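J.: Structure for this input, please:
(chains A and B)
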Amino acid sequence: MTKRIMIHRLTFRDRLFEFINYSFLTCVIIVTLYPFLNVLAISLNDSTDTIRGGIYLWPREFTLNNYLEIVKYDNLVTGFVNSVLRTVIGTVLGVFIQAMVAFTLSRRDFKGRGFVSTAIVLTMYFSGGLIPGYMLIRDLGLINSFWVYILPGLVSAFNIIIIRSFMDSLPFSLQESAKMDGANDFTIFYRIMLPLCKPVLATIALFVAVGQWNQWFDTYLYNSMNANLTTLQYELMKILDNTTMGGGQDANLMRPNDQQQANMVSPESIKMAITMVTVIPIILVYPFVQRYFIQGMTLGAVKQ
Amino acid sequence: METAKEKAHTRGESRMNRFWKHVKNQKLLYAMSLPFVAWVFVFNYLPVWGWTMAFQNFRPGLSFLEQEWVGLEHFITLFQDERFYMVLRNTLAMSFLGLLFGFTIPIIFAVLLNEVRHSMFKRITQTVTYLPHFVSWVVVAGIVTKMLSTDGGIINDLLMGLGIIDSPYQFMAQEKWFWGIVTISDIWKEMGWNAIIFLAAIAGLDPQLYEAAKVDGAGRFRQIWHITLPGIRPTILVVLILNIGHLIQIGFEKQMLLSNPLVVDYAEVLDLYALNYGIGLGQFSYGTAIGIFNSVVSIILLFLANGIFKRYSNQSVM
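T.: Numbers count the residues shown, from 1 in each chain, chains lettered A, B, ... in the order given. As a prediction, this is how the structure comes out:
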């Protein structure tokens, strides 16, 4: 009798817990998704109608005009092209180089392994800071250059460690048999290790690509004087104009032309359409790579 | 005597030979790695040399030997600047809030998500909550500004609909709200992503422990309290230490993008302060001094946290 009551009480409490838990997580989903859906709805609504307000999940006067309007902003088109270029070039070069260095570090017979490993891992623990970094880029002549988007972050210690720990888990006999057949170290890397490392390379490629696509600060710091080198995120930042940069040093860093454009008020719906354009590529690739990155994330976290 | 010397000589020579032979055998491995060591030397180590700027009145265009050395003058100016203490307060306040909530909420989220039995619901929640991590701060700042805006922002519309306020409230223009807005935006963006590591740790726990607890009549709360949380304690500690190490290096993106002239006294953090002086006003030496202060404090914090961790668990995360 008492036992039965106890079990009953437990299941009731468990059910209550279940109910609260599911409600809470549903709220989390709504809070996370609503802003995206709201932005989407406004971007698909007629821009003069939007001013009346009250657009939440569904456009009131559906139109695609806002997206067509964007193409008229010259800087946005240039920015889009540059963002695509930096994402593609930065990811391909970055992943290839990081995999190659990781390969040499995974080779236990490599004599230079200790030195290379130390030199690269140490970079994770310190940094010169903003100003010395800026001075270096200036001295290297990388200001007002596309390559400032690609070169500085190319050798990422964190990514190398993740790829390397994946390579360490592969049997060495594969490499040995290739060596018997007369393959040199580069061929072994290129023909054998690269294809085997596809899962981890997909994860790293995702991290690098998202980082490149979302970066705006390097454009702001180094290339804001050159409209041909602008990026999508930087243009979005100027158009959203939700910032006056802390201390008002804009005047020093932005061209007069830029300021004019930043002050030019774009209709709400156009702003939201541009926001969608920067988010859509990520939403499109996201489902395909999701299964890889959890694996990569936990691997990285363990090695950290 | 002579023969011994000769022998030693040849032995040394053969050792050299062997070394070169090895290098030659592995020349491709060297070619595949050494250029990139040079690379990190240029992009990561060379800027550290730039720290010398903090002890000079650095003027671009002059060579290193021609610079005027001023010792600790810039640091003295820094510690006498009232604005510095305001900026330090902002940095510490936001990093502390970030540590308190940005660290605990993902743990709670991971634990609650682990209690979900429907695998479909679980997967959808995960997919949805990881998404904001992949969106840039530019977009997130835009979204936050939109949600809090006075015309058509959902927060104001909700609060007015519920009768809590009569007219739209200007959240973004209030100094006292800024720290909270930054913290909540950060949680919105990173909660799901930061929960991954805890979810992985929970997945690694022995299911038998839960079976045994159920037999003993432990409910959900007791299972969480006595099995899940103690089980992921090592993971929690490691993440905590790493977070403490980064306590004052909180970055500046969110503060920069969410701030406006009305709230700047509560929005400026150390990195922005360095940026404004160092690059905005061209005071490279002063900007570098601020950066050095920032790095030194982080290193001290990391060692302190690691030391405490070591004392209690005989482990080290570094």
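J.: Would you mind listing the buried residues in the helix or strand that contains B:A200?
T.: Assigned by DSSP states H and E, B:A200 falls within helix B:175-203. By 16 or more other C-beta atoms under 10 Å in any protein chain shown, the buried positions in helix B:175-203 come out as B:177-179, B:181-183, B:185-202. From N, CA and C alone the C-beta is placed, and that goes for glycine too.
J.: Helix or strand next in line after the strand or helix carrying B:K24, which one?
T.: Using DSSP H and E, B:K24 sits in helix B:2-25. Counting by DSSP H and E, the element after helix B:2-25 in chain order, helix or strand, is helix B:27-40.
J.: Quick check: can you list the domain ranges of chain B?
T.: Domain ranges of chain B: B:2-69, B:77-313, per automatic domain parsing.
J.: which helices and strands sit right next to the lengthiest helix in chain B?
T.: Ranked by number of residues, the top helix in chain B under DSSP state H is helix B:82-114. Counting contacts by 3 or more C-beta pairs under 8 Å, 6 or more residues apart in numbering or on different chains; DSSP states H and E, helix B:82-114 is packed against helix A:2-43, helix B:119-130, helix B:175-203, helix B:233-245, helix B:264-267, helix B:270-275.
J.: that older thread, of the buried residues of helix B:175-203, which are in range of chain A?
T.: Residues of the buried residues of helix B:175-203 in contact with chain A (C-beta under 8 Å from any C-beta of the partner chain): B:188, B:191-193, B:196-197, B:200.
J.: would a markdown table of the residues you listed with pLDDT and distance to A:Y67 be doable?
T.: Shown next, in a markdown table, are these (pLDDT from 0 to 100; distance: C-beta to C-beta, whole Å):
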| residue | pLDDT | distance to A:Y67 |
| --- | --- | --- |
| B:W188 | 96 | 26 |
| B:M191 | 94 | 31 |
| B:G192 | 92 | 29 |
| B:W193 | 90 | 29 |
| B:I196 | 88 | 34 |
| B:I197 | 87 | 38 |
| B:A200 | 87 | 40 |
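J.: Could you list the low-pLDDT ranges of the stretch 151-300 of chain B?
T.: Applying pLDDT under 70 to the stretch 151-300 of chain B flags the ranges B:248-249.
J.: and the gap between A:V277 and A:Q215?
T.: 16 Å (C-beta to C-beta, to the nearest Å).
J.: Neighbour count for these two, which is higher?
T.: A:Q215 (21 against 18; other C-beta atoms under 10 Å in any protein chain shown).
J.: Run through the residues that contact the more buried one.
T.: A:Q215 makes contact with A:86, A:149, A:231, A:233, B:136, according to C-beta atoms under 8 Å, 6 or more residues apart in numbering or on different chains.
J.: Most neighbours among the residues you listed, which one is it?
T.: A:T231 (30 neighbours).
J.: How about stretch B:46-54, which residues are buried there?
T.: B:46-47, B:50-51, B:53-54.
J.: Just the closest of the residues you listed to B:A305, please.
T.: Nearest to B:A305, judged by C-beta to C-beta, of the buried residues of stretch B:46-54 is B:W51 at 23.8 Å.
J.: which non-adjacent residue is nearest the closest one?
T.: In space, and not counting its chain neighbours, B:W51 is closest to B:I292: 5.8 Å by C-beta to C-beta, 6 or more residues apart in numbering or on different chains.
J.: isn't that neighbour right next to A:G129, touching?
T.: Yes - between B:I292 and A:G129 there is a contact at 7.0 Å, judged by C-beta atoms under 8 Å.
J.: between those two, which one's more packed in?
T.: Per other C-beta under 10 Å, whichever of B:I292 and A:G129 has more neighbours is A:G129, with 26 against 22.
J.: and the gap between the more buried one and B:Y286?
T.: Using C-beta to C-beta, we find A:G129 at a distance of 13 Å from B:Y286.
J.: One more: A:I143?
T.: 21 Å.
J.: the more surrounded of the two?
T.: B:Y286 (25 against 15).
J.: mind listing what's buried in the helix or strand where the more buried one lies?
T.: Assigning secondary structure by DSSP H and E places B:Y286 in helix B:284-313. Buried residues in helix B:284-313, counting neighbours by 16+ other C-beta under 10 Å, are found at B:284-295, B:297-298, B:301-302, B:305-306, B:309.
J.: Next, the buried residues of stretch B:88-106.
T.: Applying 16+ other C-beta under 10 Å to stretch B:88-106 flags B:88, B:90-95, B:97-99, B:101-102, B:106 as buried.
J.: Can you lay out these as JSON lines showing distance to B:A141 and pLDDT?
T.: Shown next, in JSON lines, are these (distance: C-beta to C-beta, whole Å; pLDDT from 0 to 100):
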{"residue": "B:L88", "distance to B:A141": "23", "pLDDT": "92"}
{"residue": "B:N90", "distance to B:A141": "17", "pLDDT": "94"}
{"residue": "B:T91", "distance to B:A141": "19", "pLDDT": "91"}
{"residue": "B:L92", "distance to B:A141": "22", "pLDDT": "89"}
{"residue": "B:A93", "distance to B:A141": "19", "pLDDT": "92"}
{"residue": "B:M94", "distance to B:A141": "15", "pLDDT": "92"}
{"residue": "B:S95", "distance to B:A141": "19", "pLDDT": "89"}
{"residue": "B:L97", "distance to B:A141": "17", "pLDDT": "92"}
{"residue": "B:G98", "distance to B:A141": "16", "pLDDT": "90"}
{"residue": "B:L99", "distance to B:A141": "21", "pLDDT": "88"}
{"residue": "B:F101", "distance to B:A141": "19", "pLDDT": "92"}
{"residue": "B:G102", "distance to B:A141": "17", "pLDDT": "88"}
{"residue": "B:P106", "distance to B:A141": "21", "pLDDT": "95"}
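J.: and the helix holding B:A200 with helix A:2-43, angle?
T.: In terms of direction (axes from the mean of the first three to the mean of the last three C-alpha atoms, to 10 degrees), helix B:175-203 departs from helix A:2-43 by 130 degrees.
J.: The residue of the stretch 151-300 of chain B found nearest chain A: neighbour count?
T.: Closest to chain A within the stretch 151-300 of chain B is B:G280: 2.7 Å, counting by C-beta to the nearest C-beta. Residues contacting B:G280 under the criterion other C-beta under 10 Å number 20.
J.: number of nearby residues for residue 272?
T.: Just so you know, I chose chain A. A:M272: 27 neighbours (other C-beta under 10 Å).
J.: ah, I was thinking of chain B
T.: For B:L272, using other C-beta under 10 Å, the count is 27.
J.: cool, B:P60 as well?
T.: 9.
J.: Just say helix, strand or coil for it.
T.: Assigned with DSSP: H, G, I helix; E, B strand; the rest coil, B:P60 falls in the coil class.
J.: That one: what's it in contact with?
T.: Applying C-beta under 8 Å, 6+ apart, the residues contacting B:P60 are A:135, A:138, B:284.
J.: That one and A:Y134: what is the separation?
T.: 11 Å.
J.: Equivalent analysis for A:K72, please.
T.: Applying C-beta to C-beta to A:K72 and A:Y134 gives a distance of 34 Å.
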